[in-house]
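Novice: here's a sequence, model it:
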Amino acid sequence: MSVVSISVPEALLERIDEFADKHGYSGRNEVVREGTRTLFEEFQSRNIDDQQHICTVTVVFEYCQSAIQQRLTRVRHEYDAIDLTESHRSLTLDDCSVKTRND
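Specialist: Now for the predicted structure:
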């Protein structure tokens, strides 16, 4: 194995030592090696060229807010090529389309 010399602030070095002791590592070298591997794996997994991503967007708003409903419709149209499904649920039994005004 090659030897690499790095400069580390004292506070970080203390944290590395505490981490090694607490988690059963043989010493600083093992912690730094595993941390480096983990960092590389994390960045490699972020390579979106070879992966598909599934996302969920949840919007909660007061029902019968036409401005919000219109804005959501514009967003859905903007992302229509990737939007696969949509669901609407009301948490109340009120339906603004059938409300009447009592004058």
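Novice: low-confidence stretches in this protein?
Specialist: 46-53, 83-84, 91-103 (pLDDT under 70).
Novice: any idea how far apart the tips of stretch 41-56 sit?
Specialist: 25 Å (Cα to Cα, to the nearest Å).
Novice: neighbours of residue 7, how many?
Specialist: Counted by other Cβ atoms under 10 Å, the residues lying close to residue 7 total 5. In short, each C-beta sits where N, CA and C put it, glycine included.
Novice: measure how buried residue 58 is and give me the count.
Specialist: Using other Cβ under 10 Å, residue 58 is surrounded by 5 other residues.
Novice: repeat that for residue 61.
Specialist: For residue 61, the neighbour count with other Cβ under 10 Å is 11.
Novice: and it, what does it touch?
Specialist: residue 68 (Cβ atoms under 8 Å, 6 or more residues apart in numbering).
Novice: what about residue 28, neighbour count?
Specialist: 14.
Novice: same question for residue 19.
Specialist: 13.
Novice: nearest residue to it other than its sequence neighbours?
Specialist: Nearest residue to residue 19 in three dimensions, chain neighbours excluded: residue 31, at 5.9 Å (Cβ to Cβ, 6 or more residues apart in numbering).
Novice: now stretch 75-83, how far from the chain's geometric center?
Specialist: Distance of stretch 75-83 from its chain centroid, counting by Cα atoms, centre = their mean, to the nearest Å, is 20 Å.
Novice: got it, and stretch 68-85?
Specialist: Distance, centroid of stretch 68-85 to centroid of chain: 21 Å (Cα atoms, centre = their mean).
Novice: what's the answer for stretch 17-37, then?
Specialist: 27 Å.
Novice: neighbouring contacts of that stretch?
Specialist: 6, 13, 16.
Novice: tell me the secondary structure for the second one?
Specialist: When the structure is split into helix, strand and coil by DSSP: H, G, I helix; E, B strand; the rest coil, residue 13 lands in helix.
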